[in-house]
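Trainee: Pasting the sequence and the predicted model now:
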Amino acid sequence: MSRKTLFIITLLLFFSCASLWAITAEEIIAAVDANTSFASSHSSGAIITVDRFGEKKSTFEAWSKGDNTSLIEFTSLAERGQKILRTGSSLYLYYPEADQLIRLQGAALRQSVLGSDLSYEDMTRESSTLASYDATLEGEDVIDGIQCWIVKLVAKSRSSAYPIQTLWVDQERFVVRKGLYATAAGRALKEMEVIALMEVGGVAMAKESRIADLLKRGSSTTMRIESIEIDIPLPDALFSLENLSW
Amino acid sequence: MVRLEDVSRIYQNGQSVVKALDRVSLSVSGGEFLSIAGPSGSGKTTMLNLIGCLDTFDEGELYINERPIGGMTNKERTAFRRRHLGFIFQSYNLIPVLTAYENVSFVLELLDMEEKRIKETTLHMLSEVGLAGLEGRRPAELSGGQQQRVAIARALVKEPSIVLADEPTANLDSKTGEEILTLMKTMNERRGTTFIFSTHDAMVMEYARRLVLLHDGRVVSDEQRGS
Amino acid sequence: MVKLALRNILRNRRRSLLSAFAIAVSAMSIILLLALVEGMEVDMRTNLIAYYTGEIRIRSSQYARYERYHPLHLSLDDEAITTVLERMDEVAETSGRISFPAALYRGDRSRPVLTMGFDFTRETAFSNLASILSEGRLPHDRSNELVMGAVLAKGLDITVGDRVTLLASTAAGSSNAMSFTVVGIVKPPIGSLSSSTLYLSLERAQHLLFMEGRVQELVVRSTGAVSLPALAGEIAALVAEELGIETETQAFSQLNEMYGFLRIAKYIYYVIALIFFLLGSTVIINTTMMVIFERMAEIGMMKALGMDDGKVRLLFLLEGAFISAAGALAGVLVGVLITAVLSRVGIDFTEAMSGIEMEVSSVLYPSITAFTAVAVYLYGVAIATLSTLIPTRRAARIQVVEALHYV
């Protein structure tokens, strides 16, 4: 039984026998995180960016292992052979015609990937939210006919990319349906909306989501997962720097 | 030649009013050698200035060669002086950067005389006053008496109707002063130019053929003398 | 009168010298100032044409609107446009260029740089990088090689033979990185170019940025027969007509604000010159006043002798004019002499200019034309002389009687 399944059952038990207790924000977030973390995964998808100059589509293949290790390889023509590797807090870029790997750290991670509304950090984020944020339950709302909790997350550290997040969490499936990402002063930076869901391993996951960088006028990016396999065996060597350069 | 009719010159000194000349009448004929005498403040300098068209008067009328001076503009008076009047000053008032020759020819140049004539006239005049050979010297290189001779030459070179001299010998020693006065008198006799000079020096008064005495801006006596 | 004026000046040598000196200093300062501005203008013109915009620059008409996004996809067809240009008699040379921002990586160290993709053969008529190479050689086509500004290389501890990686946003919207060997170091005269610019071959830049056959801009040199703005208009019209491409085609003087300012600056400097001369004239105004004061009795005498007011004014004016003429002449001559020396030696502004983004070289060579020198001279004499009118008018108006008895 995977960790996440255990967690869900525990949660359901809480619900069923503790109708006296209301659910807490931490519990909601913990559930959401549990839904999106897998021991490993292999997926493929597309990033479509629309901006003032037109539409651009890039395709990729991605692998992940654990919470903070992932590898993305681009398969579309304009960026063929380019790879992004995330291990720990570092991010490495591989370009076929470059001698060296380009390492991004700190603020450089907030740069946009392929001119989209997604940053490197967005694409390779850590999945343990509660470690970096304090959660509070703000209320409830209905999004596209779905009942959601509104959870507000305030970053513990000042160096966080999104000091304040407001998430609309589907009450039934514990998946984020809409998110607003803002500065500490409350100024909105990015907006995310889930357009389609899919079911993976008994859990709901975003299949297609739309992200808009509010600092760029008229720009939005759609991230689509075409296929995904979870909890498959993946060798550690796949995520090594040597493999990256090959 | 010169006729003053009830001429007054009034100065306003803040609140007080000073009459430098108080309704003075005087008549001077051509060729006269006249001295205006009186203590300081008597108005002799004022009278000289008025006759010399250097200043304007407030009452009465002044005629020189039958021309009324009262109605003249500044420019007209300047032109009149240029042509008709010669001046000799107590402190010579020569232009220090010009030579004796140049100081004298200066007045002729103001009259737009032609170059050749200026030269002849100037040289002749300088020799007449006894400065032949010293034409090229600057005032600083001449004695007081010599400088005054240059001044006399300058005054006479344009053949003016009247020469006005304000205390011409005051800065000279008695011997030189006498020489100057003699020269002036000689010029007067030789050329027939009217000389009017002011003085408070008794010795100088002796040389005059007519003596007009002023006191508090009024003529108190006007006597002909011999010699 | 002239003779009298001249002799009067020599009466008090020290005073006349002081007046003349003040005017001389003003004149000299103006000359140096104008020479510097002139030198800057010439220098800027040379630099703009060589390294930045050529005499005329052609870009996509949309480019200016989106310039801050560095829209490389708004590019031009190099060959098509060059063919059209070559048929124009007034066009002497052309060169296609791509300039783009990139991140330069060397190990873990990175630095933002400006990268220029140049066709080095065609560029001999423009930037002629071979002439500013201090080490190594220019890159070959199809080889991953580049040359770097000397100050940039020094700052990153890079020498010829080292490998660096460039990361840039491409015309396709993606990013791309390539590694290059540094084969040469260049020393552009402009500080900011030396500290932040790299040069690759155009072909390599096109490869890196997915811009095969295309350029971001074309620069043009003319034969000089027609005025540049007029030629720019002709080029734009011809390209639009023959290729149906709308371009933004302008002469360098129209493109660079700073250059436009420098041109205007010259006129502002004429005004400053006026102020300088007025300041320098205060001395002569003062000394003239003193002179009149001292020569009061003399003025009275001259008027008594029948000198017109106008003539008295003229006398003093002449005195002022001669001193001004002498002072201005001395000042101009010294100024021109210093300029002549500096125009060979140059003035090194490297320290002062570091960090400033101006298309002016770090070492400037002042220059001045004979016309300007003469103009400054006449200007100075005129102003100084006219300023003596102030005290002179008073001299003319002095009452004769007052003056005479001023002892």
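Mentor: Great, that's in hand. Residues are numbered from 1 along each chain as shown, chains lettered A, B, ... in the order given.
Trainee: pLDDT wise, what is the spatially closest residue to residue C:256 that is not a sequence neighbour at?
Mentor: Spatially, and ignoring its direct neighbours in sequence, residue C:256 is nearest to residue C:48 (5.7 Å; Cβ to Cβ, 6 or more residues apart in numbering or on different chains). Using the backbone N, CA and C atoms, a C-beta is placed for each residue, glycine as well. On the pLDDT scale, residue C:48 is placed at 87.
Trainee: so who does residue C:48 touch?
Mentor: C:252, C:255-256, C:259, C:359 (Cβ atoms under 8 Å, 6 or more residues apart in numbering or on different chains).
Trainee: 10 Å instead?
Mentor: Going by Cβ atoms under 10 Å, 6 or more residues apart in numbering or on different chains, residue C:48 touches C:54-55, C:57, C:252-253, C:255-256, C:258-259, C:359-360.
Trainee: How is it assigned, secondary-structure-wise?
Mentor: Per DSSP: H, G, I helix; E, B strand; the rest coil, the secondary structure class of residue C:48 is helix.
Trainee: what ranges do the helices span in chain A?
Mentor: A:3-17, A:25-36, A:120-123, A:129-132, A:241-245 (DSSP state H).
Trainee: Of the contacts of residue C:48 - the most surrounded one?
Mentor: When neighbours are counted by other Cβ atoms under 10 Å in any protein chain shown, residue C:54 leads those with 28 neighbours.
Trainee: Give me the spatial nearest neighbour of residue C:26, chain neighbours excluded.
Mentor: Using Cβ to Cβ, 6+ apart and skipping residues adjacent in sequence, the residue nearest residue C:26 is residue C:280, 3.1 Å away.
Trainee: Could you report the neighbour count for the one you found?
Mentor: 29.
Trainee: hang on, it packs against residue C:23?
Mentor: Yes - Residue C:280 lies in contact with residue C:23 (Cβ atoms under 10 Å); the separation is 4.8 Å.
Trainee: Now do the contacts for the single nearest residue of chain A relative to chain B.
Mentor: Closest to chain B within chain A is residue A:185: 78.1 Å, counting by Cβ to the nearest Cβ. By Cβ under 10 Å, 6+ apart, the residues touching residue A:185 are A:163-164.
Trainee: next one: phi and psi at it?
Mentor: phi -80, psi -10 (degrees, to the nearest 10).
Trainee: Can you tell me how far it is from chain C?
Mentor: 25 Å (Cβ to the nearest Cβ, to the nearest Å).
Trainee: Could I get the pLDDT score of that residue?
Mentor: Predicted confidence (pLDDT) at residue A:185: the value is 88.
Trainee: what about the closest residue to residue C:124 other than its chain neighbours, which SS state?
Mentor: Sequence neighbours aside, residue C:130 is the residue nearest to residue C:124 in space, at 7.0 Å (criterion: Cβ to Cβ, 6+ apart). Of the three states, residue C:130 takes helix under three-state DSSP.
Trainee: correct me, but residue B:34 touches residue B:193?
Mentor: No - between residue B:34 and residue B:193 there is no contact under Cβ under 10 Å: 11.8 Å.
Trainee: what residues do the two have in common as contacts?
Mentor: residue B:162.
Trainee: check which helix or strand covers residue C:179.
Mentor: strand C:175-186 (DSSP states H and E).
Trainee: returning to that earlier point: with pLDDT and secondary structure as added columns, please give the contacts of residue C:48 in JSON lines.
Mentor: What follows is the contacts of residue C:48, written out as JSON lines (pLDDT from 0 to 100; DSSP: H, G, I helix; E, B strand; the rest coil):
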{"residue": "C:54", "pLDDT": "91", "secondary structure": "coil"}
{"residue": "C:55", "pLDDT": "92", "secondary structure": "coil"}
{"residue": "C:57", "pLDDT": "94", "secondary structure": "strand"}
{"residue": "C:252", "pLDDT": "89", "secondary structure": "helix"}
{"residue": "C:253", "pLDDT": "85", "secondary structure": "helix"}
{"residue": "C:255", "pLDDT": "86", "secondary structure": "helix"}
{"residue": "C:256", "pLDDT": "81", "secondary structure": "coil"}
{"residue": "C:258", "pLDDT": "79", "secondary structure": "helix"}
{"residue": "C:259", "pLDDT": "82", "secondary structure": "helix"}
{"residue": "C:359", "pLDDT": "75", "secondary structure": "coil"}
{"residue": "C:360", "pLDDT": "77", "secondary structure": "coil"}
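Trainee: Closest one of those to residue B:133?
Mentor: Of all these, residue C:360 has the smallest distance to residue B:133: 71.4 Å, by Cβ to Cβ.
Trainee: any idea of the pLDDT on the residue of chain B found nearest chain C?
Mentor: At 2.5 Å from chain C, residue B:82 is the closest residue in chain B, using Cβ to the nearest Cβ. For residue B:82, the model assigns a pLDDT of 89.
Trainee: in the lowest-mean-pLDDT helix or strand in chain B, what counts as buried?
Mentor: Ranking every helix and strand in chain B by mean pLDDT, DSSP states H and E puts helix B:202-207 at the bottom, with a mean of 81. Neighbour counts over helix B:202-207 (16 or more other Cβ atoms under 10 Å in any protein chain shown) mark B:204-205, B:207 as buried.
Trainee: after that helix, next one along is what?
Mentor: strand B:210-215.
Trainee: And the pLDDT for residue 72?
Mentor: Defaulting to chain A. Reported pLDDT for residue A:72: 91.
Trainee: That was the other one, I meant chain B.
Mentor: pLDDT at residue B:72 comes out at 86.
Trainee: Which one of the residues in the stretch 301-407 of chain C is closest to chain B?
Mentor: Taking Cβ to the nearest Cβ, the stretch 301-407 of chain C has residue C:306 as its residue nearest chain B, at 2.5 Å.
Trainee: which residues sit in contact with that residue?
Mentor: Neighbours of residue C:306 in contact, by Cβ under 10 Å, 6+ apart: B:53, B:77-87, B:107, B:110-111, B:158, B:160.
Trainee: which residues touch stretch C:229-241?
Mentor: Residues outside stretch C:229-241 that contact it (Cβ under 10 Å, 6+ apart): C:55-58, C:61, C:76, C:80-81, C:84-85, C:87-88, C:90-91, C:94, C:218, C:220, C:222-227, C:245-255.
Trainee: Sitting in helices, which of these do you find?
Mentor: Per DSSP H, the contacts of stretch C:229-241 map to helices at C:80-81, C:84-85, C:252-255.
Trainee: quick one: the strands in chain A?
Mentor: Ranges of strands in chain A, per DSSP state E, are A:40-51, A:54-65, A:69-74, A:83-87, A:90-94, A:102-104, A:133-143, A:146-155, A:164-170, A:176-182, A:188-200, A:203-213, A:220-230.
Trainee: so can I have TSV of those strands showing mean neighbour count and distance to chain B?
Mentor: Converted to TSV, the strands of chain A look like this (neighbours: other Cβ atoms under 10 Å in any protein chain shown; distance: least, Cβ to the nearest Cβ, whole Å):
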stretch	mean neighbour count	distance to chain B
strand A:40-51	19	86
strand A:54-65	18	88
strand A:69-74	20	97
strand A:83-87	22	95
strand A:90-94	19	90
strand A:102-104	19	87
strand A:133-143	15	93
strand A:146-155	18	89
strand A:164-170	22	87
strand A:176-182	20	85
strand A:188-200	17	85
strand A:203-213	19	87
strand A:220-230	18	91
